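> How does the following fold in three dimensions:
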Amino acid sequence: MKKHLWKIGILLVICGALLTWSYFLTNEYTRGFASSSESEIKLAARRASVQVQFHIPTLRVTFKHPLPKPDEDKLSRKEVAKMLDEKLKQALEAERELSEKDKYQSKLTEVEAFIRPQSKTMIPIGTLPNVPKWAKYPEKVLVVVKTEKKEIAPWEKESEKDVLTISETAGVSISKAKEILSQLKAGGYSISKEDVKDDSEIKLIWFNDGWDDKYPVTLDWKVSYPDEKTNKIRGYDSRGIIETISISDDSNEYGKLRFVKIKVGYFDLLDEFKPKTIEVENLNKEIETLKNQTDRWKEEDEKRKAEEPKSKRDISNVTWSDVRMGTVKVENLWIYSAASGIFLGNMQASDKMWGSQWGTKYFINGETMGVILTNAHVSKMASTFGVYVSEDKEIMWIVFPAWPSVRYTQDSDQYGSPAPVLIINEQYVHSYDYDCGIMVTSAVPQYEKNKAILGNSNKVKEGDSVIMVGNPMYAQKFMTEGIVSNKNYTLLKSHMTDRLLGAEWFDRSIFNWLLNSNWWFDTPIGIGGTSGSGVWAMEGSERGKVVALHNMGLGGSSASKTVSLSEPKEMDSDKFGILNDDKYQLKLKDFAEENKDKLFKKDGFKSEKFSKTLNDFDDGLTREIMQHAGYYDIAGMNAGIPINGIKRFLQERGLDPEHFGFDGAKKEYWEK
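The predicted model follows:
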């Protein structure tokens with residue numbers, strides 16, 4: 001008996017092993033398409049990709065009577081201020097360019113004149129006729145006197161003072177000064193004032209470029225009486241002062257010093273640096289006059305502004321009473337937008353979860369619902385009420401939560417199946433940190449076999465091939481192929497951070513969003529409508545599984561916007577019948593939020609013709625509404641959220657990992 005039981009046990013084990021092996025061979029979701037062909041994986045990815053779309057009810061609120069246009073005087077003030085600003089900018093730029101140049105000419109300008117000096121022993125070059133006040137004078141000029149040639153040792157005690165003089169004047173070292181002194185002595189020159197006589201031959205040696213193999217420049221400067229040849233120069237100060245022997249008094253009737261002939265030089269400014277002509281000076285005066293006039297206007301405007309009543313009209317403060325009185329116009333319209341999502345299969349609703357839209361609860365405990373994964377910045381269109389006011393307080397856009405739906409195939413009904421955001425414990429299931437959200441829709445049993453399996457993004461390697469399926473520009477299920485570029489790069493590491501940190505809208509949620517959007521891949525696809533696209537691995541252990549959720553692409557603004565708008569219709573101010581005064585006195589934005597059902601029919605968008613674009617409205621909407629449109633893609637610059645972070649969030653929010661076929665967070669995660 002025991003022998004037969006043993007054989008039966010062996011048989012059962014073999015049968016179990018065969019059944020298990022057969023299950024792993026046939027169940028593509030469990031084995032992750034490991035043995036499927038490339039075309040089969042791509043087909044499955046396209047089937048799991050769906051289109052989520054939103055019809056967004058919107059009110060456009062304006063004053064019926066626009067403010068009067070500024071008078072001509074104010075317009076002229078703006079023009080003057082603009083012209084003045086441009087002129088000042090040009091002047092600053094010109095000044096900056098000129099400050100980087102050498103302002104003076106490289107050659108000396110010579111000047112000769114007959115003068116009566118004001119001093120007996122000093123003649124400032126700047127006092128000579130035709131020498132401009134901006135003149136610059138040579139530096140490093142050494143005065144030497146002709147004597148007999150003499151060989152000396154420059155290190156001798158008697159030469160110490162001369163060596164120091166040369167070093168300070170020429171700006172050279174002591175050793176170089178000794179060398180210069182030796183050459184001067186050998187040439188028969190002395191720098192000692194004790195060697196100077198009334199008839200001595202004087203030379204001025206200019207160390208323009210220092211002392212090199214060439215002898216410094218000799219300045220051909222001279223001060224003498226008209227009837228004599230003796231040079232009376234005995235010294236020179238780099239401030240432009242010539243020192244002379246005493247100019248004798250000439251006992252004439254005026255009691256003035258004798259005339260002397262002087263020949264010297266100076267550096268002149270380059271033409272562009274010289275003082276302006278009369279025309280330019282007049283222009284500068286005109287600019288100054290305009291500036292003074294603008295300042296006066298500014299003071300007048302500030303004074304007038306201070307005297308204006310505090311109750312300057314603000315569109316955000318209007319009430320429905322203002323609409324009934326005919327001072328405010330309210331137009332309603334529908335905005336259409338769409339994005340992408342991934343079908344994760346069907347699940348049963350519990351008593352703590354439902355989808356809610358326009359006050360209607362979808363799915364009750366025990367009912368089956370289809371589960372769609374998309375981005376939080378997509379799903380929030382179905383859950384967010386927003387009010388946007390123009391800078392001049394003249395226009396207000398009131399944007400209601402959208403009517404969301406999902407289309408499974410290109411042949412689905414154009415309005416799709418209702419797909420509200422999933423609510424668990426009265427909180428929406430979406431995370432801005434991980435930019436993911438869950439939308440739920442009617443269960444389709446036949447579509448269960450098309451569900452996507454979430455993989456392990458940590459096991460994917462950089463360089464692995466991936467595919468992405470999305471819905472660019474409202475077109476459905478377009479697939480592109482590329483590789484994983486980088487698994488851990490956030491834009492916070494780039495120089496863009498400098499601009500982001502200074503932006504008023506940059507806060508902790510944006511920081512976390514950028515921090516987690518760190519998975520980059522180069523599948524080129526259009527940006528508009530592709531948020532929420534799945535990224536499937538094409539090789540490795542995660543072959544055939546979703547390893548990232550596309551949520552960002554770098555691009556630039558395009559000329560036209562792709563979000564379509566219906567023609568706005570002005571609303572009847574008596575649409576709501578007789579209401580008590582309290583309701584009418586509510587601010588319009590609060591009134592609108594409470595009366596959405598009366599302002600818009602649930603399926604009112606079905607009778608609209610979406611023929612307008614944002615370019616048709618000169619006041620436009622905010623970037624919140626335009627986030628899915630108006631951009632062109634830069635190939636290779638797509639980013640996403642690694643799927644592991646999203647899986648952990650879904651698990652924490654109450655979705656069972658085993659039901660959806662993915663591993664839950666490991667023990668290490670819960671012990672952090």
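> Give me the below-cutoff pLDDT ranges for the stretch 1-150 of the chain.
Applying pLDDT under 70 to the stretch 1-150 of the chain flags residues 1-35, 69-82, 84-85, 87-89, 91-101, 150.
> quick one: the helices in it?
2-26, 28-31, 38-48, 72-99 (DSSP state H, counting those that start in this stretch).
> Pull out the buried residues from the third one.
Along helix 38-48, the positions that meet the burial threshold by neighbour count (16 or more other Cβ atoms under 10 Å) are 41-42, 44-48. Just so you know, the C-beta spots here come from the backbone N, C-alpha and C atoms, and that holds for glycine as well.
> would a markdown table of the residues you listed with distance to residue 231 be doable?
As requested, those are exported to a markdown table (distance: Cβ to Cβ, whole Å):
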| residue | distance to residue 231 |
| --- | --- |
| 41 | 100 |
| 42 | 99 |
| 44 | 104 |
| 45 | 99 |
| 46 | 101 |
| 47 | 105 |
| 48 | 102 |
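> quick one, longest strand in the chain?
strand 328-348 (DSSP state E).
> That one to helix 38-48, inter-axis angle?
Here strand 328-348 runs at an angle of 130 degrees relative to helix 38-48 (axes from the mean of the first three to the mean of the last three Cα atoms, to 10 degrees).
> buried sites along strand 328-348?
Buried, per 16+ other Cβ under 10 Å, within strand 328-348: 328-330, 332-347.
> for that strand, what is the average pLDDT?
What strand 328-348 shows for mean pLDDT is 91.
> Could you list the paired strands of it along with their orientation?
Take DSSP bridges as the rule and strand 328-348 pairs in its sheet with strand 49-63 (antiparallel), strand 368-374 (antiparallel), strand 564-565 (antiparallel), strand 569-570 (antiparallel).
> Centroid-nearest residue for this protein?
residue 499 (4.6 Å; Cα atoms, centre = their mean).
> where does residue 484 fall, phi/psi-wise?
Note on residue 484: its backbone torsions stand at phi -80, psi 120 [degrees, to the nearest 10].
> how near is it to residue 647?
The gap separating residue 484 from residue 647 is 18 Å, by Cβ to Cβ, to the nearest Å.
> and the next element down the chain from the helix or strand hosting the residue nearest to the centre of the chain?
Assessed by DSSP states H and E, residue 499 sits inside helix 496-501. Beyond helix 496-501 on the C-terminal side, the first helix or strand identified by DSSP H and E is helix 508-516.
> can you tell me the average pLDDT over that next one?
Averaging pLDDT residue by residue across helix 508-516 gives 87.
> For it, buried residues please.
Residues of helix 508-516 classed as buried: 511, 513-514, 516 (neighbour count, 16+ other Cβ under 10 Å).
> got it, and stretch 360-377?
362-363, 369-377.
> Please, where are all the helices along the stretch 451-600 of the chain?
Along the stretch 451-600 of the chain, counting by DSSP H, counting those that start in this stretch, helices occupy 496-501, 508-516, 581-584, 588-594, 596-599.
> Least confident of those helices, on average?
Here the lowest mean pLDDT among these goes to helix 581-584, at a mean of 61.
> Turn the strands paired with strand 328-348 into CSV, including distance to residue 443.
CSV is the format used below for these (distance: least, Cβ to Cβ, whole Å):
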stretch, distance to residue 443
strand 49-63, 14
strand 368-374, 4
strand 564-565, 30
strand 569-570, 37
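> Out of those strands, which is closest to residue 543?
strand 49-63 (17.5 Å; Cβ to Cβ).
> Apart from its chain neighbours, what residue comes closest to residue 148?
Excluding the flanking residues, the one nearest residue 148 by Cβ to Cβ, 6 or more residues apart in numbering is residue 188, at 6.0 Å.
> Repeat that for residue 259.
The spatially closest residue to residue 259, leaving aside those adjacent along the chain, is residue 114, at 5.3 Å (Cβ to Cβ, 6+ apart).
> go on, residue 552?
Going by Cβ to Cβ, 6+ apart, residue 552 has residue 639 as its nearest residue, at 4.3 Å.
> does that neighbour belong to a helix or a strand, and which?
With DSSP H and E as the criterion, residue 639 is inside strand 631-642.
> Now do that strand, average pLDDT.
Average pLDDT, strand 631-642: 70.
> again, but for stretch 646-664
What stretch 646-664 shows for mean pLDDT is 91.
> gap between residue 118 and residue 603?
To residue 603, residue 118 is 102 Å away according to Cβ to Cβ.
> Same question for residue 421.
19 Å.
> Comparing those two, which residue is more hemmed in?
residue 421 (25 against 10; other Cβ atoms under 10 Å).
> give me every residue that touches the more buried one.
Residues near residue 421 by Cβ atoms under 8 Å, 6 or more residues apart in numbering: 355, 379, 382-383, 404, 428-430, 437-440.
> ok, now residue 113?
Residues counted as contacts of residue 113 (Cβ under 8 Å, 6+ apart) are 128-130, 261-262.
> farthest-separated two in those?
Farthest-apart pair in the contacts of residue 113 is 130 and 261; separation 15.0 Å (Cβ to Cβ).
> So for those two, which residue has more residues nearby?
Taking other Cβ under 10 Å, residue 130 and residue 261 do not tie; residue 261 has more neighbours (16 against 9).
> For that one, give me the pLDDT.
pLDDT recorded at residue 261 is 90.
> Wait, it touches residue 224, no?
Yes - with contact defined as Cβ atoms under 8 Å, residue 261 reaches residue 224; the gap is 5.6 Å.
> what's residue 436 sitting at in phi/psi?
phi -140, psi 150.
> and the gap between the nearest residue to it once chain neighbours are set aside and residue 132?
Once flanking residues are discounted, residue 436 sits nearest to residue 646: 4.6 Å by Cβ to Cβ, 6+ apart. From residue 646 across to residue 132, the span is 77 Å (Cβ to Cβ).
> out of the two, which sits in the busier spot?
With neighbours defined as other Cβ under 10 Å, residue 646 and residue 132 compare such that residue 646 has more, 24 against 13.
> Where does that one fall, secondary structure wise?
Assigned by DSSP H and E, residue 646 belongs to helix 643-652.
> got the angle for that helix vs helix 508-516?
Using the same axes, to 10 degrees: helix 643-652 against helix 508-516 is 130 degrees.
> can you tell me which of the contacts of residue 113 are in strands?
261-262.
> Adding distance to residue 494, write the contacts of residue 113 out as TSV.
Shown next, in TSV, are these (distance: Cβ to Cβ, whole Å):
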residue	distance to residue 494
128	63
129	65
130	61
261	72
262	67
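> which one among the contacts of residue 113 gets closest to residue 203?
Distances from residue 203 to those, taken by Cβ to Cβ, are shortest for residue 262, at 16.3 Å.
> and the closest one, how many residues sit next to it?
By other Cβ under 10 Å, neighbour count at residue 262 equals 21.
> partners of it in the sheet?
Bridge pairing for residue 262 - DSSP bridges - gives residue 113, residue 223.
> out of the contacts of residue 113, who's nearest residue 474?
Distance to residue 474 across the contacts of residue 113 (Cβ to Cβ) is lowest for residue 130, with 80.0 Å.
> how much space between the nearest residue to residue 208 once chain neighbours are set aside and residue 108?
Leaving aside its sequence neighbours, residue 208 sits nearest to residue 217 (Cβ to Cβ, 6+ apart; 5.6 Å). Distance, residue 217 to residue 108, by Cβ to Cβ: 9 Å.
> Then residue 495?
50 Å.
> When these two are compared, which one has more neighbours?
Neighbours per residue (other Cβ under 10 Å) separate residue 495 from residue 108, with residue 108 holding more: 20 against 7.
> I figured that one hits residue 137, correct?
No - using Cβ under 8 Å, residue 108 makes no contact with residue 137, being 9.2 Å away.
> shared neighbours of these two, anything?
266-267.
> Let me know whether residue 104 touches residue 270 as I believe.
Yes - when contacts are counted by Cβ under 8 Å, residue 104 is listed as touching residue 270 (6.8 Å).
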